[in-house]
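A.B. asks: sequence first, predicted model second:
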Amino acid sequence: MKKEKYDLIVIGSGAAGMISAIVAAREGKSVLLLEKLSNIASKLKATGGGRCNLTNTLSNEDFMSRFGRDGRFMQDAIALFDHHALIDFMQELGVDTHAPDGFRIFPTSHSSATIIAAFSEEMQRVGIEVLCKQRVEELLVENGAIIGAKTADNIFYCENLIVATGGLGYPVLGAEGDGYKLASSHGHTVTDLSPAMMPLKTKEEWVKNCRADTIAKVELRVDIKKYKKLRAKGDLIFTNNGIRGPVVLDFAREVTPLLKKYSEVPLLLNLTKGKNEEEILQHLKTQQVLSPDKTILELVETLLPQALSQELCKLAELSGEEKLGKIEGAKRAKLISLLAWTPLHVTGHDGFRMAMITRGGISLKEIDPKTMQSRLIKGLYFCGEVMNLDGPCGGYNLQWSFASGYLAGQLL
């Protein structure tokens, strides 16, 4: 067995792992990065559909708030390495960035390959030893401190070790929960793990008839009294068996844990850009006055795409050929109600196979937010998605990976 000692071993070659290795090596530390796959940064390569949404332009306070009640945990990391610092870091590596929509920040190449190449070159420049096809099977701990890592073929010794193995999303790209197993084997708590940032399947089959259009500014909310505060807004797309789109990807992190408690999760969707029942009825009446010959379907189409309008008319037991003034009160009320809040029932998802991120992870209570060091084992650090902290889509999770990795690499 090969035996060597390093100042730092990093497990995992994603965004968090690579930046932590670079930070430590720039300070003169001897660094070994271990990757179980045959190539580095496989998941980063697929981030944002390959376009690599690095971060966004929100202030630090607003950025942290998007992660919910645990967002304050990242205060020290974000203060040290926010989106301005990340842009500067990328510039140092020769990667230009921009925010074409004023919010999401990308490399100007819109290619994750640019990021991976720049990090790879920098790791080589600062003398980081990178070994692929090295699955870490065990963390070596002695007298409450980390002393090394064991793979199938080797033992590597170290003063410090960073676990940057990511979550369970996209197992085809190597996500198998290795970090959770390694941490829990030495006393760390791993919270419940749920797939997040993914499409959702619904009980309703009519959604498959509405796949052609993106519905903008949709509000989603959970229709369970105990969880009525769970809601989100954004663009939605109907699929062959459910819903997807930015708002669904964000909201999935709230819904998937509920599916462990309930056989189905009822949702209400406002598809009419926030209009309430009174405003919808007034809109339809105004359109009828302007165009007396229009059918109810044609009136609804002034609010929504044709296919969706047809399906909602069917749900209200209308043919669509009726005139607004001729529809009986109960059916008109039902249509207006459906336009204000369309019910859907989420029944499932494709599991971690299609999940971009993982909700849950190593308990934050057992990690020092000022250093990312374990409170249980000296010299053991965590960064990125392996911890119990996840945010919505839009560069949040990648920025957190970079920031936590940058802080962990300080080896404070």
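C.D. replies: That came through fine.

A.B. asks: could you find the closest non-adjacent residue to Q91?
C.D. replies: Beyond its immediate neighbours in the sequence, the residue positioned closest to Q91 (Cβ to Cβ, 6 or more residues apart in numbering) is T97, lying 7.6 Å away. Bear in mind the C-beta positions are built from the backbone N, C-alpha and C, glycine included.

A.B. asks: and for P199?
C.D. replies: R244 (3.8 Å).

A.B. asks: look up how far T202 lies from that neighbour.
C.D. replies: Distance, R244 to T202, using Cβ to Cβ, to the nearest Å: 11 Å.

A.B. asks: neighbour count: those two, which is higher?
C.D. replies: More neighbours surround T202 than the other of R244 and T202, with 22 against 17 (other Cβ atoms under 10 Å).

A.B. asks: touching, that one and H345? I think so.
C.D. replies: Yes - distance between T202 and H345: 6.0 Å, which falls inside the contact criterion (Cβ atoms under 8 Å).

A.B. asks: what bridges to K150?
C.D. replies: When bridges are taken as DSSP bridges, the partners of K150 come out as E138, I155.

A.B. asks: after the strand or helix carrying V346 comes which helix or strand?
C.D. replies: Counting by DSSP states H and E, the element that carries V346 is strand 342-348. Going down the chain from strand 342-348, the next helix or strand is strand 357-359, by DSSP H and E.

A.B. asks: gap between the next helix or strand after that following strand and the chain center?
C.D. replies: In the C-terminal direction, the helix or strand that comes right after strand 357-359 (DSSP H and E) is strand 380-382. Distance of strand 380-382 from its chain centroid, counting by Cα atoms, centre = their mean, to the nearest Å, is 22 Å.

A.B. asks: which residues does strand 380-382 contact?
C.D. replies: Under the criterion Cβ atoms under 8 Å, 6 or more residues apart in numbering, residues 20, 139, 141, 146, 160-164, 179, 183, 186, 362, 367, 371-374, 404, 408, 411 lie in contact with strand 380-382.

A.B. asks: ok, now which ones touch G394?
C.D. replies: Applying Cβ under 8 Å, 6+ apart, we find G394 in contact with N53, N56, F103, R104, P246.

A.B. asks: mind checking which of the residues you listed are in helices?
C.D. replies: The helices in this structure, assigned by DSSP state H, contain P246 from the contacts of G394.

A.B. asks: which of the contacts of G394 sits closest to W400?
C.D. replies: Of all the contacts of G394, the one with the least separation from W400 (Cβ to Cβ) is N56, at 11.4 Å.

A.B. asks: who does the closest one form a beta bridge with?
C.D. replies: According to DSSP bridges, beta-bridge pairing links N56 with R104.

A.B. asks: that one touches D82, doesn't it?
C.D. replies: No - N56 sits out of contact with D82 when judged by Cβ under 8 Å, with a separation of 10.6 Å.

A.B. asks: joint contacts of those two?
C.D. replies: Between them, N56 and D82 have F63, Q399 as joint contacts when contacts are counted by Cβ under 8 Å, 6+ apart.

A.B. asks: can you check the pLDDT for G50?
C.D. replies: At G50, the model reports a pLDDT of 80.
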